[in-house]
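Sequence and predicted model, in that order:
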Amino acid sequence: MTWSVSSCFITLVVLFLWRIEDIAEACRCAPVHLQQAFCNADVVIRAKVVGVEVVSGNTKYDVKQIEMFKGPDRVIHAIFTSSSSASCGVTLEINKEYLFTGSLNTDGRMHIVTCDFIQFWDDLNGTQKKSLTQRYRTGCACTIIRCSSLPCPVSAPDECLWTDWLLNDGQSGPQAKYSACLMNFDGSCAWYRGMTPSKK
């Protein structure tokens with residue numbers, strides 16, 4: 001009897017730990033270049049968080065939109081996210097200014113999850129901020145392939161290899177911070193840093 005109880009207890013513990021691991025992996029996201037995040041998002045805005053409340057199991061952040069780089073022809077006044085981190089909910093700081101990428105729900109609300117590109121505005125450099133207004137949009141026909149270990153083959157001419165990950169955490173590398181993957185006249189894509197192709 002004791003052995004049976006112990007066996008059941010061990011089984012429950014294993015199932016519990018498996019469930020915790022399953023939840024933890026639910027929000028694992030592959031890092032994305034800001035250009036990718038821009039192109040994949042329905043909405044890209046610069047906004048300041050001014051309030052927060054819980055609404056029907058979701059967290060509603062009231063925001064003051066400062067600038068819209070991509071999205072609907074209207075001002076975004078609120079951003080919604082899950083109240084649970086297990087469901088990829090995002091925690092934001094009040095009175096802080098962010099760059100948000102997110103999606104539009106069928107009801108027209110802007111929604112964000114952990115996998116979206118959300119960063120303090122002041123942490124972006126001048127090149128990234130300027131690229132939000134035009135450069136990233138012109139590169140949406142290109143595909144950025146993250147390269148974390150060699151070899152990293154390019155399978156199509158419209159692809160750019162993101163090799164920052166071979167040297168550091170990727171987001172702080174030169175391609176992430178200073179370059180955009182843009183299409184040439186012949187339909188191929190290449191990294192551009194400023195007005196010239198970048199080899200980094």
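Here it is on my side, so go on. These numbers come from a predicted model, not from an experiment.

give the contact list for the residue lying closest to Ala47 once chain neighbours are set aside.
Closest residue to Ala47 apart from its sequence neighbours, by C-beta to C-beta, 6 or more residues apart in numbering: Val63 at 4.1 Å. Bear in mind the C-beta positions are built from the backbone N, C-alpha and C, glycine included. Neighbouring residues of Val63 by C-beta atoms under 8 Å, 6 or more residues apart in numbering: Ile45, Ala47, Lys48, Val49, Val50, Ile76, His77, Ala78, Ile79.

secondary structure element for the fifth one?
What it means is Val50. Assessed by DSSP states H and E, Val50 sits inside strand 43-55.

Could I get the buried residue list for that strand?
Neighbour counts over strand 43-55 (16 or more other C-beta atoms under 10 Å) mark Val43, Val44, Ile45, Arg46, Ala47, Val49, Val52 as buried.

do the same with stretch 99-115
For stretch 99-115, the neighbour count (16+ other C-beta under 10 Å) marks Leu99, Phe100, Thr101, Gly102, Met110, His111, Ile112, Val113, Thr114, Cys115 as buried.

if I look at Leu132, how far off is Val52?
Look at Leu132 and Val52: by C-beta to C-beta, to the nearest Å, they are 25 Å apart.

what does Glu93 give?
Using C-beta to C-beta, one obtains 10 Å as the distance from Glu93 to Val52.

what do you get for Ser172?
In terms of C-beta to C-beta, Ser172 sits 29 Å off from Val52.

same question, Gly102
Using C-beta to C-beta, Gly102 is found at 16 Å from Val52.

what's the answer for Asn105, then?
According to C-beta to C-beta, Asn105 and Val52 sit 19 Å apart.

Repeat that for Arg28.
25 Å.

next one: Met110
The gap separating Met110 from Val52 is 15 Å, by C-beta to C-beta.

Next: Ala41.
On the measure of C-beta to C-beta, Ala41 and Val52 end up 22 Å apart.

go on, Met183?
For Met183 relative to Val52 (C-beta to C-beta), the value is 41 Å.

May I have the beta-bridge partners of Val44?
Lys70, Thr101 (DSSP bridges).

Wait, it touches Phe100, no?
Yes - the criterion here is C-beta atoms under 8 Å, and Val44 meets it with Phe100 at 7.1 Å.

Could I get the full set of helices for the chain?
Secondary structure of the chain (DSSP state H): helices at 2-25, 34-40, 126-131, 135-138, 174-178.

in stretch 139-153, what's buried?
Gly139, Cys140, Cys142, Thr143, Ile144, Ile145, Arg146, Cys147.
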